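1. whatever this is, show me its structure:
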Amino acid sequence: MTTSLLRLRTPRPARRPAGALLGLLVAGVLLAGCSQDADSAVSPAGDAVGGAVDGSAAHADEGGSGQNAGGEAAARDDARMVVQTGSVHVEAEDPIAAARAVADDVDRRGGRVESRSESAASADGTATAVLVVRVPASSVTATIEELGRIGEVTAVDLQADDVTSTAQDLDARIHALELSVQRMEALMSAAGTTKDLLEAESALSERQAELESLQSQRARLADQVALSTIEVVVSGPGVLPVQTQEEDGTFLTGLASGWEALVTTVGVVMVVLGALLPWLASAGVVALVVMAVRRRRRPAPAEPAAPEPVAVGARSGSDEGGVRPGDDG
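-> This next block holds a predicted model:
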């Protein structure tokens, strides 16, 4: 009995694990098949979605890089500093009125007229006007187009000078001097003796003067960049003769002509006399000198001989006797 009971109890524990293991294997096979079917059904859609996402991401990266490149290029263009100068020649029927129109257009654009000169028409030339204007750099093209509407543009000469490196150099030097000034101020505050204080103050004054000079140069450069300088020359289309009113020949016109001729003649005579007067004065002085020399060299005149005395008695005796001395018999 005991043996039979042992035989009956021993096989039961060995059969339970085998059945459980077999069940687990079957379940695993079934689950593996289902998972493969599910993966095969879902993978096409997942690949499509993933490809679309990857494509959109790639396009986004390309667009972003393009935008960044464009932004950097625009930033570099904006950072460039260019000074524009030039001259424009305009031909107009009325140069004076055209010059006024140019000045008004420059004022409307926010610029200013640096200098302006005008001359009226004459028998030898046309009326002209010369203006030196400063206009915003962004309005140079528009200003030249407006000049074409005011008159006929015959010549345009524009130059552009890139001063970006000069501006950057000035900015660097200004920044370095500002730091140096700050250090010198700190040294002045920490100076322990009068000698150290005076030395620091002298060095600070030199650096401040140099800093102000550089800041002034930078300001002038910025003004040249902001406002372009253009010389505008306006002239007429040709020689404009002066119109004079024709007058009939009358007594008054003859009198006026005679008076003008007299004034002209007198003027010419006065000019000739003025030219000859120094020579005449010199000739008179020479003549006086010559006359004085001749007078000194002329011999003195001889004095006349005194008459011989005559004896009164002898003359009377001879007269009475009728005999002259020396007569014979």
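2. strands of the stretch 151-300 of the chain, start to end?
-> Using DSSP state E, counting those that start in this stretch, the strands of the stretch 151-300 of the chain run over 152-162, 227-235.
3. please name every helix or strand in contact with the first one.
-> So that's strand 152-162. Contacts defined by 3 or more Cβ pairs under 8 Å, 6 or more residues apart in numbering; DSSP states H and E place strand 152-162 against strand 82-91, helix 140-150. C-betas here are computed from N, CA, C, even on glycine.
4. distance-wise, check the closest residue to Q208 other than its chain neighbours relative to S202.
-> Distances taken as Cβ to Cβ, 6 or more residues apart in numbering put V181 closest to Q208, at 6.0 Å, once the chain neighbours are dropped. Distance, V181 to S202, by Cβ to Cβ, to the nearest Å: 13 Å.
5. quick one: low-confidence parts of the stretch 201-329 of the chain?
-> 238-249, 298-329 (pLDDT under 70).
6. for the residue nearest to Q208, list the residues it contacts.
-> For V181, the contact set (Cβ atoms under 8 Å, 6 or more residues apart in numbering) comprises 204, 207-208, 211.
7. so of these, which ones are in helices?
-> 204, 207-208, 211 (DSSP state H).
8. out of the residues you listed, who has the most neighbours?
-> R207 (20 neighbours; other Cβ atoms under 10 Å).
9. sec struct for E118, please.
-> Under the three-state scheme (DSSP: H, G, I helix; E, B strand; the rest coil), E118 adopts strand.
10. if we can go back for a sec, Serialize the ones in helices among the contacts of V181 to JSON lines and add fields for distance to P95.
-> Putting those into JSON lines (distance: Cβ to Cβ, whole Å) gives the following:
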{"residue": "L204", "distance to P95": "56"}
{"residue": "R207", "distance to P95": "52"}
{"residue": "Q208", "distance to P95": "50"}
{"residue": "L211", "distance to P95": "47"}
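11. out of those residues, who's nearest E231?
-> Each of those was checked against E231 using Cβ to Cβ; the closest is L211, at 34.3 Å.
12. the closest residue in space to that closest one that isn't next to it in sequence - how many residues pack around it?
-> Setting aside the residues directly before and after it, L211 is nearest to L177 in space (Cβ to Cβ, 6+ apart), at 4.2 Å. By the measure other Cβ under 10 Å, the count of residues near L177 is 19.
13. angle of the helix or strand encompassing V113 against strand 227-235?
-> Element membership for V113 (DSSP states H and E) is strand 112-119. Comparing the axes of strand 112-119 and strand 227-235 via axes from the mean of the first three to the mean of the last three Cα atoms, to 10 degrees yields an angle of 20 degrees.
14. what is the end-to-end distance of stretch 120-136?
-> The first and final residues of stretch 120-136 sit 30 Å from each other (Cα to Cα, to the nearest Å).
15. buried sites along that stretch?
-> Going by neighbour count (16 or more other Cβ atoms under 10 Å), the buried part of stretch 120-136 is 121, 126-131, 133-135.
16. just confirm T166 contacts L221, I think it does.
-> Yes: look at T166 against L221 with Cβ atoms under 8 Å: they come within range, at 6.7 Å.
17. contacts only, for L187.
-> Going by Cβ under 8 Å, 6+ apart, L187 touches 196, 200.
18. go again with 10 Å.
-> 196-197, 199-201, 203-204 (Cβ atoms under 10 Å, 6 or more residues apart in numbering).
19. which of these are buried, as a PyMOL select command?
-> In PyMOL, this line selects whichever of the contacts of L187 come out buried by 16+ other Cβ under 10 Å:
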select buried, resi 200+203+204
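20. could you export the contacts of L187 as TSV, including distance to A98?
-> Listed next are the contacts of L187 as TSV, based on distance: Cβ to Cβ, whole Å:
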residue	distance to A98
D196	67
L197	65
E199	63
A200	61
E201	59
A203	57
L204	55
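21. helices - which of the contacts of L187 land there?
-> Among the contacts of L187, the members falling in helices (DSSP H) are 196-197, 199-201, 203-204.
22. which of these sits closest to V233?
-> The closest of the ones in helices among the contacts of L187, once distances to V233 are taken by Cβ to Cβ, is L204, at 50.0 Å.
23. give me the distance between that closest one and S213.
-> 15 Å.
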